[in-house]
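In: all I have is the shape, not the residue letters:
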């Protein structure tokens, strides 16, 4: 057996010892004597008798260990021409001061703070400040429209919202304050105060409930770290739900800290003083885990990049960042590399940069197609590591563990399950399927530390969404197979949540918007394969009888409506008016069949179809490509 086999078996045969040993990488106020509490199954809890502060582990302990002058966070913003380095001492001081400002606003242990910010250091500072005083942060991606932000404000019920005057998308300055004001107007819950970071690109007009970030910190005393139980929530991160209502994934403090600290060495092979660049956004789980928390927990240097992989100003920016900061491990979405390849197919822009320090490229967010894998691998001549995980899991489920043992690569597979994850593939009855046979990918309970213990204020939905399909298993919602060597192949979603450039979006929520249009009788949104973004949504609508509007007018209004209600992140740019939608005899729209045809497959007509001629009439429309996103 190789080293990976030894570690994996240790995690499954004696998880109690395995995770208590891993927990020694964290500084505890009260060290746990137990790893797993299964008394409330299926609501499992990790390190139930431990107490800690995650911010102390991310910042203070490194300063106390004498590494306060080491860079902790590097802010690189090609869209504003700004570069800024925060040492561990400086970052700790700024976090402590902002935490003191929040405390003066009445924010305390267990209170929620919604953070609606662009990719600026203050976003990470606000997150860590919440952790410092035991508050629960909920970061909402700055690209979401007011309606989506309002849903999250109502669910989290924050005491304070932290935002900025604007964000920058390429060359466009987007004012955030009007979006926030509209969201609060729509929300039933009203935050007590809004803290606004004024950016020079566009300043916001402040109202009576608004405070300027600079004014708040100028008068704030620094706050000390507040130890909390290991099971206390660290943050809520909303992920798309199939009903259109977002699901608030809860992340605990102790299990998350232990799992992330362990994963940095085991998976990414990054340790103290080394640099990791994760090209994502703090609004997504990747940004939470591998821009902010994990690199700081191990005392590494993290790069927070405000820009795009292409166009800000060119397709060589990721190479520039990797060279300039001597990045050891880079982590981004396959979409980013498809965009880079589209702009620079021969990779000529790498020639301008010294990439000798770059040891690994990690890709996740959607399936890594073999073509992109081979291109990146041959261009960089370093390991290109596909890995698979979810908002719910907090850290990778399946990956090639570079810090344990480099396993042979199989293009199309993220490799084998990491220690702690007992991954299975089952058929409709819940029985295991043979190697190579597709089925539902599930994880045997209990999930390891760091994974969600439940949904915010909704235990019933947690069970219904993830635990009810197959008894004793967590339903990932992905389908695929495991080959005879134990390699996992993730082939796609089993529900109607689609993956656009690494962003999980609900087609159900888009359908709700389309259906609200006065001329629309019924509709369907499907995710279709896209060479750049992995998937893009396409909408199909049936108009009400007697509608006098032209199809093109309605289609344009629907695209704009989705943009207004959900945000540009939805990328819905193709809506087609059709005569009818294919359905089963029970009235269910055949979305899977539509998706297969749109992806170019010779999709068989299901036996349950009500009218096969509807599919035949729709086939040329489905095969026709929509506008390029």
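Out: Happy to help now that I have it. Note that this is a predicted model, so its numbers are computed, not measured. Residues are numbered from 1 along each chain as shown.
In: only C-alpha atoms for contact and neighbour calcs from this point on.
Out: Will do.
In: can you give me the helices for the stretch 251-400 of the chain?
Out: 254-266, 285-287, 294-297, 317-324, 334-343, 370-380 (DSSP state H, counting those that start in this stretch).
In: winner for burial among those helices?
Out: The highest mean neighbour count among the helices of the stretch 251-400 of the chain, using mean count of other C-alpha atoms under 10 Å, belongs to helix 294-297: a mean of 27.
In: now do stretch 195-203, average pLDDT.
Out: Averaged over stretch 195-203, pLDDT sits at 97.
In: now do the end-to-end distance for it.
Out: 13 Å (C-alpha to C-alpha, to the nearest Å).
In: any idea how far it is from the middle of the chain?
Out: Relative to its chain's centre, stretch 195-203 lies at 26 Å (C-alpha atoms, centre = their mean, to the nearest Å).
In: the helices of the stretch 251-400 of the chain into a markdown table, with extra columns for distance to residue 215 and mean pLDDT?
Out: Below are the helices of the stretch 251-400 of the chain laid out as a markdown table (distance: least, C-alpha to C-alpha, whole Å; pLDDT from 0 to 100):
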| stretch | distance to residue 215 | mean pLDDT |
| --- | --- | --- |
| helix 254-266 | 32 | 98 |
| helix 285-287 | 28 | 94 |
| helix 294-297 | 27 | 98 |
| helix 317-324 | 33 | 98 |
| helix 334-343 | 38 | 84 |
| helix 370-380 | 46 | 89 |
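In: what's the closest of these to residue 121?
Out: With C-alpha to C-alpha, the closest approach to residue 121 among those belongs to helix 285-287: 12.3 Å.
In: how about a markdown table for the helices of the stretch 251-400 of the chain, with distance to residue 5 added?
Out: Formatted as a markdown table, these follow (distance: least, C-alpha to C-alpha, whole Å):
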| stretch | distance to residue 5 |
| --- | --- |
| helix 254-266 | 13 |
| helix 285-287 | 27 |
| helix 294-297 | 24 |
| helix 317-324 | 32 |
| helix 334-343 | 28 |
| helix 370-380 | 25 |
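In: show me what the helix ranked longest in the chain is packed up against.
Out: Longest helix in the chain, counting residues (DSSP state H): helix 88-104. Taking 3 or more C-alpha pairs under 8 Å, 6 or more residues apart in numbering; DSSP states H and E as contact, the helices and strands that helix 88-104 lies on are strand 71-77, helix 121-132, helix 213-218.
In: rerun at 6 Å
Out: Where contact means 3 or more C-alpha pairs under 6 Å, 6 or more residues apart in numbering; DSSP states H and E, helix 88-104 is packed against helix 121-132, helix 213-218.
In: could I get these in a markdown table, plus columns for mean neighbour count?
Out: Formatted as a markdown table, the helices and strands packed on helix 88-104 follow (neighbours: other C-alpha atoms under 10 Å):
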| stretch | mean neighbour count |
| --- | --- |
| helix 121-132 | 26 |
| helix 213-218 | 16 |
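In: quick one: closest of the ones you listed to residue 258.
Out: Of all the helices and strands packed on helix 88-104, helix 121-132 comes closest under C-alpha to C-alpha, at 15.2 Å.
In: quick one: residues in contact with that closest one.
Out: 55, 95, 99, 225 (C-alpha atoms under 6 Å, 6 or more residues apart in numbering).
In: and of those residues, the nearest to residue 483?
Out: Using C-alpha to C-alpha, these come closest to residue 483 at residue 55, 41.0 Å.
In: check contacts around that closest one.
Out: 128, 131, 132.
In: quick check, nearest of those to residue 41?
Out: residue 131 (27.0 Å).
In: just the pLDDT for that closest one.
Out: 98.
In: ok, back up a step: same question for the longest helix of the chain, mean pLDDT?
Out: Averaging pLDDT along helix 88-104 yields 98.
In: before we move on, back to that, and the helices and strands packed on helix 88-104 as JSON lines, adding distance to residue 446?
Out: Converted to JSON lines, those look like this (distance: least, C-alpha to C-alpha, whole Å):
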{"stretch": "helix 121-132", "distance to residue 446": "26"}
{"stretch": "helix 213-218", "distance to residue 446": "42"}
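In: any idea what residue 51 is bridged to?
Out: Counting by DSSP bridges, residue 51 is bridged to residue 30, residue 229.
In: so how many other residues sit close to it?
Out: 22 (other C-alpha atoms under 10 Å).
In: from here on, count from 699
Out: Done: numbering now begins at 699, and the last item shifts to residue 749.
In: between the helices of the stretch 949-1098 of the chain, which one is closest to residue 888.
Out: helix 983-985 (25.8 Å).
In: contact partners of that closest one?
Out: 978, 979, 1089.
In: now it: how far from the chain's centre is it?
Out: Put simply, helix 983-985 sits 5 Å off its chain's centre (C-alpha atoms, centre = their mean).
In: check stretch 1206-1214 too.
Out: Counting by C-alpha atoms, centre = their mean, stretch 1206-1214 comes out at 23 Å from the chain centroid.
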